[in-house]
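K.L.:
give the three-dimensional model of this entry:
(chains A, B, C and D)
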Number of protein chains: 2
Amino acid sequence: MPDSPTVGRRERKKAATRQAIADAALELFLKQGFEQVSVRDIAERADVSTTTLFAHFPSKEALVFDRDEDIEAELVAAVRERPSGQGVVEALRAHALKSWVSIASDPRLHRFTALVDQTPALSKHAERMWMRHAATLGTVIAEELGRETDDLACSALARFVLQIPTLAKGRHDPRAAVETVFDLLIHGWQSQHDSRGAITGSYKG
Amino acid sequence: MPDSPTVGRRERKKAATRQAIADAALELFLKQGFEQVSVRDIAERADVSTTTLFAHFPSKEALVFDRDEDIEAELVAAVRERPSGQGVVEALRAHALKSWVSIASDPRLHRFTALVDQTPALSKHAERMWMRHAATLGTVIAEELGRETDDLACSALARFVLQIPTLAKGRHDPRAAVETVFDLLIHGWQSQHDSRGAITGSYKG
DNA sequence: TCCATAAGTGCAACCGTTACAGTTTCGGCT
DNA sequence: AGCCGAAACTGTAACGGTTGCACTTATGGA
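P.N.:
As a prediction, the model looks like this:
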């Protein structure tokens, strides 16, 4: 019994097909580049019809991010199952450091991250992926805090936190970048007073 | 002399062509819906070839946001030409209230905003538009404050501020939403302590 | 055992987008 | 005034992502 109970042959085959498609896609993309591979090539390699391919993935770009749903689930879990007494922001910070940063800097995934970074269509898609999760995350945060589902502070927090992966990407020290931005979110930009120039000056300062 | 000097016939004709295309597009989109109109229809209506159409606009979606560049220019100007002594954040807040909020709630533009809101491809494109401006805005802010071009606090501020249009859209009081989010950016989420639940609780709180 | 239904197939078409090779139109320069 | 290179524009054809459709096959539950 390879899986959890009540998983019939049908579902296993479906998962296998999906995985075969994702694997074929990644392999071809890494070898030839995203633009150089057509969905028909991928379907061929995975031995399915293009119709089936699009039954499993909504677009060519989505083939690369097949763990999309898991990532959202982990994000939600990080907030929902945080240690009692821990604030939502701290839970998100911990999750960001543990999951995003280490994944992004894992040398085994370097070829993957390079592929995404070097392909505009994929970077674009990744960015939109995070924003799609923002709505979900926003309602989860609101729920956790007992606020209205569409509470503005919660929606804003969700959107801003999910900008962080994009913001940290490509920095020499992504970990430090994540920490810095979380500190900014917590304390606000008024704390940005230094000798050079204040971000939040008052009128006639 | 209809324009500024040194504007020859060539440039005027080019601008006219561009405008004709944008006008044709908007007219058809409003009448029949974005998906129901093909770029060939639009080109036909504007009496140009589809090749010409794509020489002026990079995509079908972009036909709707032909003021894109002006909007970015205004954004940059709002920061660069702010009253002396005014903080960057305050300048952005003022610009948001003056330009974005009033445009978004202008009844004359209702059909336009409704079109965008009801067409996923267009909402998506609008959101990406703002993010494209984030890079520019980030460097301008950094420049104004005499920081490194890629200063993290500046990049983050730019991205977050440009989330605000999306965040405020669809709220019953967009103006209040803008104000609230700017206050959050300035003071941070630690200020979110109320009787129900603190966003930034500490461990073992 | 039988059947409703989900998964997969193959084909054809739609449509956004681009390459290409050519023509017309300007604007600067002599 | 007249020439020339560049810019704007054209028409056609193709490419490739995506979808609709009618159909077959396999599966799990009744």
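
K.L.:
which bits of chain A sit near DNA strand D?
P.N.:
Contact residues, chain A versus DNA strand D (CB under 7 Å from any atom of the strand): A:8-11, A:13, A:37-40, A:50-51, A:54, A:58-61. Every residue, glycine included, has its C-beta placed from N, CA and C.

K.L.:
take those and keep only those in helices.
P.N.:
Among these, the members found in helices (DSSP state H) are A:9-11, A:13, A:39-40, A:50-51, A:54.

K.L.:
out of those residues, which comes closest to A:Gly85?
P.N.:
Of all those, A:Gly85 sits closest to A:Glu11, with 39.3 Å by CB to CB.

K.L.:
re the thing from before, just the buried residues out of the ones in helices among the residues of chain A next to DNA strand D, in PyMOL syntax.
P.N.:
Buried members of these can be picked out in PyMOL with the line below, counting by 16 or more other CB atoms under 10 Å in any protein chain shown:
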select buried, chain A and resi 39
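
K.L.:
identify the farthest-apart pair in the ones in helices among the residues of chain A next to DNA strand D.
P.N.:
A:Arg9 and A:Arg40 (28.4 Å).

K.L.:
in three-state terms, label A:Val48 for me.
P.N.:
For A:Val48, the secondary structure call by DSSP: H, G, I helix; E, B strand; the rest coil comes out as coil.

K.L.:
report how many residues lie close to it.
P.N.:
18 (other CB atoms under 10 Å in any protein chain shown).

K.L.:
next: A:Glu72.
P.N.:
The burial count for A:Glu72: 16, using other CB under 10 Å.

K.L.:
then A:Val140?
P.N.:
Residue neighbour count, defined by other CB under 10 Å, stands at 21 for A:Val140.

K.L.:
in what helix or strand does the most centrally placed residue in chain A lie?
P.N.:
By CA atoms, centre = their mean, the mean C-alpha position of chain A lies nearest to A:Trp130, the distance being 4.9 Å. Secondary structure from DSSP states H and E places A:Trp130 in helix A:120-145.

K.L.:
and that helix with helix B:120-145, angle?
P.N.:
Relative orientation of helix A:120-145 and helix B:120-145, computed by axes from the mean of the first three to the mean of the last three CA atoms, to 10 degrees: 90 degrees.

K.L.:
what packs against helix A:120-145?
P.N.:
Applying 3 or more CB pairs under 8 Å, 6 or more residues apart in numbering or on different chains; DSSP states H and E, one finds that helix A:120-145 makes contact with helix A:68-80, helix A:88-95, helix A:110-118, helix A:152-161, helix A:164-168, helix B:120-145.

K.L.:
contacts for stretch A:11-23, please.
P.N.:
A:2-3, A:42-43, A:46-48, A:52-53, A:56-57, A:63, A:66 (CB atoms under 8 Å, 6 or more residues apart in numbering or on different chains).

K.L.:
tell me the domain ranges of chain A?
P.N.:
Domains of chain A are assigned by automatic domain parsing as A:1-61, A:67-203.

K.L.:
spell out which helix or strand contains the nearest residue to A:Leu53 once chain neighbours are set aside, please.
P.N.:
Closest residue in space to A:Leu53, ignoring its immediate chain neighbours: A:Ala43 at 4.7 Å, by CB to CB, 6 or more residues apart in numbering or on different chains. A:Ala43 is part of helix A:39-46, with elements assigned from DSSP H and E.

K.L.:
show me what counts as buried in that helix.
P.N.:
Buried-residue list, helix A:39-46, by 16+ other CB under 10 Å: A:39, A:42-43, A:45-46.

K.L.:
one more: stretch A:116-126?
P.N.:
So for stretch A:116-126, counting by 16+ other CB under 10 Å, buried means A:116, A:119, A:122, A:125-126.

K.L.:
tell me which residues are up against it.
P.N.:
Contacts of stretch A:116-126 (CB under 8 Å, 6+ apart): A:33-35, A:59, A:61-62, A:64-65, A:115, A:165-166, A:169-170, B:128.

K.L.:
before we move on, what about stretch A:85-105?
P.N.:
Counting by CB under 8 Å, 6+ apart, A:74-75, A:78-79, A:82-83, A:109, A:113, A:141, A:144-145, A:157, A:161, A:164-165, A:168-169, A:174-175, A:178-179, A:182, A:185-186, B:189, B:198-205 sit against stretch A:85-105.

K.L.:
please list the residues of chain A that sit near DNA strand C.
P.N.:
Residues of chain A lying near DNA strand C (CB under 7 Å from any atom of the strand): A:10-11, A:13-14, A:17, A:47-52, A:55-56.

K.L.:
that older thread, need the contacts of stretch A:11-23 in CSV with pLDDT, can you?
P.N.:
Converted to CSV, these look like this (pLDDT from 0 to 100):
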residue, pLDDT
A:Pro2, 41
A:Asp3, 40
A:Ile42, 98
A:Ala43, 98
A:Ala46, 98
A:Asp47, 97
A:Val48, 98
A:Thr52, 98
A:Leu53, 98
A:His56, 98
A:Phe57, 98
A:Leu63, 98
A:Asp66, 96
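
K.L.:
and what about A:Glu35, helix, strand or coil?
P.N.:
Strictly by three-state DSSP, A:Glu35 counts as coil.

K.L.:
tell me which residues touch it, please.
P.N.:
So A:Glu35 contacts A:119, A:121 (CB under 8 Å, 6+ apart).

K.L.:
ramachandran coordinates for it?
P.N.:
With angles defined as degrees, to the nearest 10, A:Glu35 sits at phi -70, psi -30.

K.L.:
any idea how far the least confident helix or strand in chain A by mean pLDDT is from the middle of the chain?
P.N.:
Taking mean pLDDT, DSSP states H and E as the measure, chain A has helix A:102-105 as its least confident helix or strand, at a mean of 90. Centre-to-centre, helix A:102-105 and its host chain are 12 Å apart (CA atoms, centre = their mean, to the nearest Å).

K.L.:
before we move on, the earlier item: and the contacts of stretch A:116-126, which is the shakiest by pLDDT?
P.N.:
Across the contacts of stretch A:116-126, the bottom pLDDT score, 86, is held by A:Gly170.
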